[in-house]
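**Q** Fold the stuff below for me.
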Amino acid sequence: MKACRVKGLDPEMPLRVNTMLIVRARLDELRSVADRALDPGAVAAQHDMRIVAKRLRYLLEITETCLGEEAKVARDAAEELQSVLGAIHDCDVALPRAKGIEALEVQLRVRREQLFRRFCGVWQLEVGRGTWAALELTGTDPR
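**A** Next comes the predicted model:
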């Protein structure tokens, strides 16, 4: 999934302002793919969400000091999403290669189902906690 362009960046603006423009763009990407990714059969959307979560995580890793605690919490959540979605992707890649080896296919399908439930749980937990909303509001705080 190609990253969207971030509009309004200006090298004359403070780092925090530009960072929040990028953070909001990455959050919009994350939310836009989430509905599709929450469908168990949406392999491509889940892979896209992993990529988007990775972008958000790396952005927060290098900018969290200017954004505060909300950024650290969101970074950890993005890392968890990236990790579980990566493990799901590993199952998706391995399944076609395991064709004909019934025990392995069953094991991979069961593992994928467990990971998918974990992914849904992580996403719902972070939405419920307001992790993404709190990060988005960080930019309105004049720290």
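**Q** Residue nearest the middle of this structure, spatially speaking?
**A** Ala53 (2.4 Å; Cα atoms, centre = their mean).
**Q** Please name the residues that touch that one.
**A** Ala53 makes contact with Leu30, Ala78, Glu79, Leu81, Gln82, Leu85 under the criterion Cβ atoms under 8 Å, 6 or more residues apart in numbering. Where C-beta positions appear, they are placed from N, C-alpha and C, glycine not excepted.
**Q** ok, the residue lying farthest from the centre of the chain - contacts?
**A** Distance from the C-alpha centroid of the chain, by Cα atoms, centre = their mean, peaks at Gly100 (33.2 Å). By Cβ under 8 Å, 6+ apart, the contact set of Gly100 is empty.
**Q** Next, count neighbours for the nearest residue to Ala98 once chain neighbours are set aside.
**A** Excluding its sequence neighbours, the residue lying closest to Ala98 (Cβ to Cβ, 6 or more residues apart in numbering) is Leu104, at 4.2 Å. Neighbour count of Leu104, defined by other Cβ atoms under 10 Å: 14.
**Q** how distant is stretch 89-106 from the center of its chain?
**A** Distance of stretch 89-106 from its chain centroid, counting by Cα atoms, centre = their mean, to the nearest Å, is 25 Å.
**Q** got it, and stretch 96-108?
**A** The answer for stretch 96-108 is 28 Å, by Cα atoms, centre = their mean.
**Q** That one spans what distance, first to last residue?
**A** This stretch, stretch 96-108, spans 10 Å end to end (Cα to Cα, to the nearest Å).
**Q** buried stuff in it?
**A** When burial is assessed from 16 or more other Cβ atoms under 10 Å, stretch 96-108 yields the following buried residues: Ala98, Glu105, Leu108.
**Q** Would you confirm that the second one contacts Leu95?
**A** Yes: judged on Cβ atoms under 8 Å, Glu105 makes contact with Leu95 at a distance of 6.6 Å.
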